[in-house]
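**Student:** Next come a sequence and a model predicted from it.
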Amino acid sequence: MITLTDRASSKLKEVLDKEKAPEGTGLRVGVKGGGCSGMTYDLELSTLQKGDKVVEKEGVKVFLDPKSLLFLFGSELDYTEGTLDAGFKIQNPNVKEACGCGHSFTV
């Protein structure tokens, strides 16, 4: 499975509240083909779909489809704010190589 940091769950709750998301909405974390290294992360607000695995922390939910979970197993979802950027970041121990911009990877 994956884990969420306290910062990630707190920021996700803030986003869901700001968007006035309906009950049962969470963050879908997926992997899709693309980018210069072959695969990219896909994050979007969503609801539970058939076959999803659910990670819950402090009342917020993260949904993972079975195929994406194969590439994300053991990962940590965090939220960071820096001088130049802010956003959800995935620390994935399965990544063998990543592109320079950090948006695509290979396992």
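**Tutor:** On my side now, so go ahead.

**Student:** Where does pLDDT dip in this structure?
**Tutor:** For the chain, applying pLDDT under 70 flags the ranges 37, 100-103.

**Student:** Going along the chain, name the helices of it.
**Tutor:** For the chain, the helices defined by DSSP state H cover 6-18, 66-72.

**Student:** Looking at those helices, spot the one closest to Glu58.
**Tutor:** Counting by CB to CB, Glu58 lies closest to helix 6-18 out of the helices of the chain; the figure is 4.5 Å. Placement of C-beta: from N, CA and C, glycine included.

**Student:** thinking again about what came up before, columns mean neighbour count and distance to Gly38 on top of the helices of the chain, output as a markdown table?
**Tutor:** Formatted as a markdown table, the helices of the chain follow (neighbours: other CB atoms under 10 Å; distance: least, CB to CB, whole Å):
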| stretch | mean neighbour count | distance to Gly38 |
| --- | --- | --- |
| helix 6-18 | 16 | 25 |
| helix 66-72 | 17 | 11 |
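
**Student:** Next, name the residue at the spatial heart of the chain.
**Tutor:** Taking CA atoms, centre = their mean, the centroid of the chain lies closest to Val29, which sits 3.8 Å from it.

**Student:** In contact with it, which residues?
**Tutor:** 2, 41-43, 62-64, 68, 72, 77, 90 (CB atoms under 8 Å, 6 or more residues apart in numbering).

**Student:** ok, back up a step: Phe105: which of the helices of the chain is closest?
**Tutor:** Closest of these to Phe105 is helix 66-72, at 8.7 Å (criterion: CB to CB).

**Student:** returning to that earlier point: so what's the residue nearest to the centre of the chain bridging to?
**Tutor:** Leu43 (DSSP bridges).

**Student:** Against Ala8, how distant is the residue nearest to Gly35 when sequence neighbours are not counted?
**Tutor:** Among residues not flanking Gly35 along the chain, Ser104 sits closest, at 2.4 Å (CB to CB, 6 or more residues apart in numbering). According to CB to CB, to the nearest Å, Ser104 and Ala8 sit 21 Å apart.
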